[in-house]
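J.: sharing a sequence plus its predicted fold:
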Amino acid sequence: MTRFSRSWVIALSIVVALMLSAIPMPTWAVSWKPPWVALVLIYWSMALPMRVGVMTGWIVGFLMDVLQGAILGQHALGMAMVSYVALIYHQRVRVFPLRQQAMFVGLLSFAYLLVMLALYNLTGSLAYGWDYLLGAVSAALLWPWVYIMLRDLRRRAGLQ
């Protein structure tokens, strides 16, 4: 199998993350909804930095803008930022234990959600409170499972 033909795994995981981000949630759980697309993008940016980068983050963020009906470029900016930071620190973070990786992912998710909160409130498209940032806690708590699932998927597909 060629390297290109195995790249469907990356695209499929991003599509699943986009679907998870579109699932409606009860009002009490909306604040705790993790940024699924950011989690998947962080993983692939750290695992395969030569394939998944800032441009991938921009494209995925643009797709998320279309999916959520947000101002075009809003999520694209946030996802490009997430990819950039993950790419800068990928060699350090990859050797951390999962607990420390989860803290890094939580902080990066917090930064992403903070940018989204500011853009939502500045543009007036949606009004969120500070509880919107609780998704970063969920992201940190879910990171070990996301990491293990995507790592096993990557290994089974033979992506290096």
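T.: That came through fine. Numbering: from 1, shown residues only.

J.: please name the residues that touch Q100.
T.: V93 (C-beta atoms under 8 Å, 6 or more residues apart in numbering). In short, each C-beta sits where N, CA and C put it, glycine included.

J.: residues contacting the residue nearest the centre of the chain?
T.: Nearest to the mean C-alpha position of the chain, counting by C-alpha atoms, centre = their mean, stands A38 at 0.8 Å. Each residue near A38 by C-beta under 8 Å, 6+ apart is listed here: 78-79, 82, 108-109, 112, 139.

J.: would you mark the buried spots in stretch 132-151?
T.: In terms of neighbour count (16 or more other C-beta atoms under 10 Å), stretch 132-151 has its buried residues at 132-136, 138-140, 142-143, 146-147, 150.

J.: could you pull out the helices in this structure for me?
T.: Ranges of helices within the chain are 8-22, 36-47, 54-68, 74-93, 98-123, 135-157, based on DSSP state H.

J.: could you identify which of those is most buried?
T.: For the helices of the chain, the largest average neighbour count (mean count of other C-beta atoms under 10 Å) is found in helix 36-47, namely a mean of 26.

J.: what average pLDDT does that one get?
T.: For helix 36-47, mean pLDDT is 97.

J.: give me the neighbour count for M50.
T.: By the criterion of other C-beta atoms under 10 Å, M50 has 6 neighbours.

J.: over to the one 3 residues further on?
T.: As a burial measure, the neighbour count of G53 was computed by other C-beta under 10 Å and equals 17.
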